[in-house]
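Visitor: pasting the sequence and the predicted coordinates here, then a few questions.
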Amino acid sequence: DQQVKQNSPSLSVQEGRISILNCDYTNSMFDYFLWYKKYPAEGPTFLISISSIKDKNEDGRFTVFLNKSAKHLSLHIVPSQPGDSAVYFCAATGTASKLTFGTGTRLQVTL
Amino acid sequence: DAGITQSPRYKITETGRQVTLMCHQTWSHSYMFWYRQDLGHGLRLIYYSAAADITDKGEVSDGYVVSRSKTENFPLTLESATRSQTSVYFCASSVSGDGYTFGSGTRLTVV
């Protein structure tokens, strides 16, 4: 049973435009959410996070939105750059101190 | 060098062989984790450890064994490798159970 779902396996966006990556979760006990970015042949790296007490967190070009009632979060990248091309993983945690990851979305930023 | 290192980076082994993947971190982080990455499944938790001598199973622990006699090391052993264990394995560490730092991964092929 996939508790964290990323329904879009891939996304292609033009450079300069907005990239929106989506994530849904089913476990009501999740209270902290993270996005990780992964380049080929490297480990995932932390990008941005949000606590369930907030509905938005911003860091430069990256913004994460959380809709608790819909159990949905999204990552916005504005403007998108070619270096943003990577696989993005959504992750969630509750009290168990371990992360549950989604299946990932491959973002391709084209020139 | 400070950080989290995994060895080997690449490994080919035969079905039925025992193989151990190594993970070492220099920060004295309490938490350590093993994940495997497979297409269509994202990152799935194999085992985790909250401290030395404390380990617990994740969602895909069958066929794997871990130990944590020292805080900085968290080896993962495949007792009798099967083709279904062909994957990319990532080790991670964390101070508090979230906000992981990942290693660069070990690509394991079981033939």
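Guide: Arrived safely.
Visitor: now A:E42. Nearest residue, chain neighbours left out?
Guide: Once its chain neighbours are removed from consideration, A:E42 has its nearest residue in B:S104; the separation is 5.9 Å (CB to CB, 6 or more residues apart in numbering or on different chains). Glycine gets a C-beta too; all of them are placed from N, C-alpha and C.
Visitor: so that neighbour, which state does it fall into?
Guide: coil (DSSP: H, G, I helix; E, B strand; the rest coil).
Visitor: for B:A92, give the beta-bridge partners.
Guide: Partner residues in beta bridges with B:A92: B:F33, B:F102, with DSSP bridges as the criterion.
Visitor: neighbours around it, how many?
Guide: 27 (other CB atoms under 10 Å in any protein chain shown).
Visitor: do the same with B:E79
Guide: B:E79: 12 neighbours (other CB under 10 Å).
Visitor: I figured it hits B:D62, correct?
Guide: No. B:E79 sits out of contact with B:D62 when judged by CB atoms under 8 Å, with a separation of 10.2 Å.
Visitor: which residues of chain B fall in strands?
Guide: Along chain B, counting by DSSP state E, strands occupy B:4-7, B:10-13, B:19-25, B:31-38, B:42-51, B:54-57, B:64-66, B:76-78, B:87-94, B:101-102, B:106-110.
Visitor: tell me how far A:Y36 lies from chain B.
Guide: 8 Å (CB to the nearest CB, to the nearest Å).
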